[in-house]
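Asks: The following block contains a protein sequence and its predicted model.
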Amino acid sequence: MLILVTNDDGIHSPGITALAESMRELGQVVVVAPDRDRSAIGHALTLHAPLRADELRAGVFSVDGTPTDCVNLGIHGLLDSVPDLVVAGINRGANLGDDITYSGTVCAAMEATLMGVPALAVSLAGDALSPVEYRNAASAALYLSRKVVQNGLPADTFLNVNVPAGPIRGLRLTRQGRRRYGDMVVEKIDPRGRKYYWLGGAACEFESADGTDCHALHEGFISVTPLHLDLTNFQSFERLAAWNADFPKT
């Protein structure tokens, strides 16, 4: 087994250290991660600047790019062969509901899936997290990674895993929840009288509907959400079909 481990919190985060250590029970681990925190960078890819990868020690690479860059560079440049599995995390803080579109951790797993490599993204809820909580999340990642290796995943599908801090009551298969958006922008004045802005100022709230990732995490369960690359809303076809018929012909 060859396993590529990455994240968006940066190469020195405690989450990626715990994850890489647990994945070594499955096989050879190569860590390719951003050289600094690249949280909320989504699926960004560096196209207009060169990338540099520094090997900090054997099998551990620090890249001056995004999580998506790391997966690309790892698979196509740094690894001797295509990995059997890509695991992204352990992210500091949950990646739930609509927020998955911002997450570099989730998008790293998405990028691996686009390249045909089975993948999962693992996040740990909370901010002030203890080593024990990271180890618990790493154990969950190892358990699910074994399941992926043994059973495979449906086509074009990867797993978004969120682990609660504190006691874990079990594991639930969930669907993506929804976020309640508040005042996302905070306006301030600098010492020279100019305005500046912070994004993401409001407290994050999610709809705790039964069956969602948000609800499972709130109840103390690990949420496992299978995500599909095809974003097409097939249920809208009938409603929108008339748009095609009415288009003026030239």
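Replies: Sure thing, it's come through.
Asks: going forward, measure contacts between C-alpha atoms and count neighbours the same way
Replies: Fine.
Asks: Chain neighbours aside, what residue packs nearest to Asp190?
Replies: Tyr196 (6.9 Å; Cα to Cα, 6 or more residues apart in numbering).
Asks: Surely the one you found is in a helix?
Replies: No: counting by DSSP: H, G, I helix; E, B strand; the rest coil, Tyr196 is not found in a helix; it is strand.
Asks: Just give me the neighbour total for it.
Replies: Tyr196: 10 surrounding residues under other Cα atoms under 10 Å.
Asks: That one and Val185, how far apart?
Replies: As for Tyr196, its distance to Val185 is 10 Å (criterion: Cα to Cα, to the nearest Å).
Asks: Phe237 too?
Replies: Distance of Phe237 to Val185, given as Cα to Cα: 35 Å.
Asks: do the same with Ala58
Replies: Note on Ala58: its distance to Val185, by Cα to Cα, is 43 Å.
Asks: Following the chain onward from the helix or strand bottoming out on mean pLDDT in the chain, which element is next?
Replies: The helix or strand of the chain with the poorest confidence is strand 205-206; it has a mean of 71 (mean pLDDT, DSSP states H and E). Using DSSP states H and E, the helix or strand that follows strand 205-206 towards the C-terminus is helix 213-218.
Asks: partners of the helix or strand just after that following helix, with directions?
Replies: Per DSSP H and E, the first helix or strand lying C-terminal to helix 213-218 is strand 221-228. Using DSSP bridges, the strands paired with strand 221-228 are strand 157-163 (antiparallel), strand 170-173 (parallel).
Asks: Pick the most buried one from the ones you listed.
Replies: Mean neighbours per residue, mean count of other Cα atoms under 10 Å, is largest over these for strand 157-163, with a mean of 28.
Asks: Using CSV, write out every CA atom in that strand.
Replies: Output in CSV follows, covering the C-alpha atoms of strand 157-163 (Å, rounded to 0.1, in the frame of the first residue of the first chain):
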residue,chain,number,x,y,z
THR,A,157,-17.3,9.2,-5.0
PHE,A,158,-15.2,10.1,-2.0
LEU,A,159,-15.9,10.4,1.7
ASN,A,160,-16.2,13.5,3.8
VAL,A,161,-15.7,12.4,7.4
ASN,A,162,-16.3,14.6,10.5
VAL,A,163,-15.3,13.4,13.9
